[in-house]
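Undergrad: This is a predicted model, with the sequence first.
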Amino acid sequence: LFEQPDNDGRKVFFGPTDDILITVSSTGFTRVWTLDMQPPRRMIETVSFDGYESTGDEVVQSPDKTGLAFGSRTGAIRLWRIPEGEVIFDNAAAHTGAIRALEFSPDGSLLLTIGHESSARIWSAEDGELVIDLSAERIKNDPEDEFVAYRAQFSPDGALLAVSGRSEISIWDTASWTLKHSIPTAEFAG
């Protein structure tokens, strides 16, 4: 239906409506397009912005498709409102290393980030305020804890969060941010 030869769209998302298409280049340059389905079919660029502070690999879309969260190799996170292309929040010091993972809660109110230093943090998607640093919470409760986070996933209802780490999967209650279960796993070297 459409061809846009001058677009480096490494990642592609539909927007909050089916006539909005979002393309993200390998450098984080983001373009928001309106798809005109009437002949002759066209893609009309409505807004563009640089999603990252530097070349980065992580980008995730909010469940309602009105937000795009970017994580840079510098540890910064930035959340943009779509289709307007407005910054909701920008945190240059979210992590000390590259962003390894980003995940929205099912209702879109929270953004989980995991940095290369293997810390897992939860942010308010409304204003970017830190809700909880799960890694720091673990250490606070047990100074000998060597919690390392690699990936995470919210349960479909958002009531639980599973965080996979070096030697366990930890299950968190998202209402109280208490650790509910720890499931030992084989140690992962990566």
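TA: Great, that's in hand. Remember, predicted model here, so these are calculated numbers, not experimental data. Numbers count the residues shown, from 1 in each chain.

Undergrad: got a list of what I88 touches?
TA: Listed by CB atoms under 8 Å, 6 or more residues apart in numbering, the contact partners of I88 are 67, 79-81, 125-128. Glycine gets a C-beta too; all of them are placed from N, C-alpha and C.

Undergrad: Now go through those and say which are in strands.
TA: 67, 79-81 (DSSP state E).

Undergrad: how about stretch 77-84: buried residues?
TA: Buried residues in stretch 77-84, counted by 16 or more other CB atoms under 10 Å: 77-80, 82-83.

Undergrad: Oops, could you answer that again for stretch 12-25 instead?
TA: Of the residues in stretch 12-25, those buried (16+ other CB under 10 Å) are 13, 15, 20-25.

Undergrad: How about stretch 102-115?
TA: Across stretch 102-115, burial judged by 16+ other CB under 10 Å covers 102-105, 108, 110-115.

Undergrad: do stretch 170-181 as well
TA: Applying 16+ other CB under 10 Å to stretch 170-181 flags 170, 172, 174, 179 as buried.

Undergrad: Also stretch 121-130?
TA: 121-123, 125, 128.

Undergrad: what's it in contact with?
TA: Outside stretch 121-130, the residues that touch it by CB under 8 Å, 6+ apart are 62, 67, 69, 77, 79, 88-91, 94-95, 104-105, 108-115, 131-135, 161, 177.

Undergrad: tell me the average confidence for that stretch?
TA: Stretch 121-130 shows an average pLDDT of 95 in the prediction.

Undergrad: From one end of it to the other, what's the distance?
TA: With CA to CA, to the nearest Å applied, stretch 121-130 spans 7 Å between its terminal residues.

Undergrad: just stretch 114-133 next, same as before
TA: 10 Å.

Undergrad: do the same with stretch 148-157
TA: 25 Å.

Undergrad: before we move on, what about stretch 27-47?
TA: 17 Å.

Undergrad: lowest average confidence, helix or strand, in this protein?
TA: helix 134-141 (a mean of 73; mean pLDDT, DSSP states H and E).

Undergrad: I'd like the next helix or strand past that helix.
TA: Next along the chain after helix 134-141, taking DSSP states H and E as the criterion, comes strand 149-154.
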